[in-house]
Every structure is written in C-alpha cells, then in structure tokens.
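Q: need a structure here:
(one chain, ligands or ions: 1)
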Amino acid sequence: MQILDGKIVSQAVKNDLTEKIAQLLRENKRPPHLTAILVGTNGASETYIASKIKNCEETGFKSSLHRFEENVTEELLMTTIKKINEDDEIDGILVQLPLPKHIDEQKIINLINPAKDVDGFHPVNAGKMVLGIPTYIPATPYGIMLMLAHYKLETSGKHAVVIGRSNIVGRPMSILLSQDTAYGNCTVTVCHSRTKNLKEICLQADIIVAALGKPCFLTADMVKENAVVIDVGITRVPDASKKSGFAIKGDVDFENVAPKTSYITPVPGGVGLMTIAALLKNTYQAYLQHSNNH
Ligand code: GUN
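A: As a prediction, this is how the structure comes out:
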C-alpha cells in the first residue's frame, strides 16, 4: 500500500505557481487576485475559506473576502457579484457553498462571469467540461486528476466507481474519469443514495472515489485487493481529545481499508490539499486569460 500524499503533490503545484508569480512581480505585473464570498458562519466553510486565503498568501496571490450575515438578501449578493465581474483587478470569484436556504444557489452561480468562475460551477463551464473543451474544472475533481497524474496511476480500461453524484465532486469526477484523456478512459459507475447492491459494485472497482460525506462509510469488505481508493470526505466529528473539539473524518474506514489497497489518500492530508492547489491553478489560468484580454 502506498499513500497518495496530498502534502507532497499540492506543494509541488504551489511551488510551481509561487515561481510563476515571483516572475510576474519581477516584470512589474500585478499578481493574480482571487476573491471569495462567504455567507454565514458555517464551520466547514470557515475552514475552507481560511485555508484558501492562507494558500493564496503563501504563493503570492492576492486574495480578498466579502463576508455576509446569514440573512443577507439575494439582491445584495447579486449586486456584489456584478461589481466583482466588472472589476478588472479581480481574476477569480468563488462563492462558498452551501448558501443559506432562502438564497437560490443556481441563480447566484449563473451570475458569475464564466471567465472568472474558477470553481467551474457556471453552466457554461460545466457544459464545456462535459464536451471536453478546455475550461475551469471544479477544484476537487481537478485536484484528484492532478494526484493521479503525479503518481502516474494507470486508469485506462479500469473500472472506476464514484460514490456520490454532487455537482461539486461526484458528477464532474465521473465525467473526467470517462473522458478520452490521459488519466481518463475508465469505465465509470456512478453510485448514489438509491443504488442497490453498492457493496457488490464497489467490490468490482479498480478505483473507488468516495464522495458522499459519511464518515467511515467505505469499509474493508467493500474493497477489492489492490484497489486505488480516493477519499473525498471531510466531515467534522466531535473529539474531546482535540483542541478544536472535533476531528476531520473521511468517507473511508482508513485503518481497515488501507492494508487492502495499492494506493490510498489519507484524511486529512489527501484530497483536501489538492482542492486548494487546483483552485490556485484555475485562478492563475483566469489571470493569464484576463491579462490577454486587456
Ligand atoms: N463547498 C464545498 N466545496 C466547495 C468548493 O470546492 N467550492 C465552493 N465554492 N464551495 C464549496
């Protein structure tokens, strides 16, 4: 069993970006600027955003944050996005999800300028991805593809089982793994809450991507010997022994699953770090496109 180490791979991506930003500064150019919109005080969202800001600073990106109370109106969010769309000094916009129930999430996403949509959530970018046209790929599936590429894992002709069909992870992941590209060409099965015989399907998988958000869901009896296991889960569970009062748990019962696998991502230290690295890569790409147009 070998660990797919998100620390090593994300650091390699970030080192490359740090060097590129340093070169921009030497040329007296401004650095790429990522702005985030955060509504309310959801603990997981706060953690994501803090990490995104920290990583921007470490690599030399400019970052900014628009914070709103839980009861913010749709109108105010829409006005803010319109202003950001028009701001020539901002390259990437990220609206942290989930948004409160009274806000129509899709309506907000639809308003983001697709050229600044570094999450790849806008229908234009999601559509391009499905068609295999180069665009911003949602950061978590993109980060996983970078991880597969770093370790040169063979995917062609393999059976990949993706558990979860969210727009953020499961669905784009299933599309990327099935595309006719390097680190694609899998035969993909998408499983979800209505799937019957989940265990039998998982037992046929050469690659499993667990992205359902249930701690320790994937157990050793569901995994074939030498499978590759990618754990996308990052659920907070109460843990009195931690200073924060919680521990981060993946969707995989790591302790018992890991010995059966050929490769596995840990939590923390796996996919989460890759998500951030991929977001920064998308933001740098947005900057290059943006600078070409101005
Ligand atoms: N919420 C959970 N994951 C993500 C993500 O990758 N991007 C955004 N914007 N919100 C999220």
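Q: Just the pLDDT for whatever residue of the chain ends up closest to the ligand.
A: Distances between the chain and the ligand by Cβ to the nearest ligand atom are smallest at Leu97, namely 3.8 Å. Quick note: C-beta positions are derived from backbone N, CA and C, even for glycine. Leu97 is assigned a predicted lDDT (pLDDT) of 97.
Q: Now do the residue nearest to it when sequence neighbours are not counted: how many residues are near it, please.
A: Nearest residue to Leu97 in three dimensions, chain neighbours excluded: Glu105, at 6.5 Å (Cβ to Cβ, 6 or more residues apart in numbering). Using other Cβ atoms under 10 Å, Glu105 is surrounded by 15 other residues.
Q: what does the stretch 151-294 of the chain have sitting close to the ligand?
A: Residues of the stretch 151-294 of the chain lying close to the ligand by Cβ under 6 Å from any ligand atom are Ile168, Thr275.
Q: Strands along the stretch 151-294 of the chain, start to end?
A: Here the stretch 151-294 of the chain has its strands, by DSSP state E, counting those that start in this stretch, at 159-163, 187-191, 207-210, 228-231, 235-238, 246-249, 263-264.
Q: Can you name the residues that contact Glu46?
A: Shown in contact with Glu46 (Cβ atoms under 8 Å, 6 or more residues apart in numbering): Leu38.
Q: Could you look up the SS state of it?
A: helix (DSSP: H, G, I helix; E, B strand; the rest coil).
Q: re earlier: so which of the strands of the stretch 151-294 of the chain is the most surrounded?
A: Most buried of the strands of the stretch 151-294 of the chain, by mean neighbour count (mean count of other Cβ atoms under 10 Å): strand 207-210, with a mean of 28.
Q: contacting residues for the residue nearest to Leu97?
A: Leu97, Pro98, Leu99.
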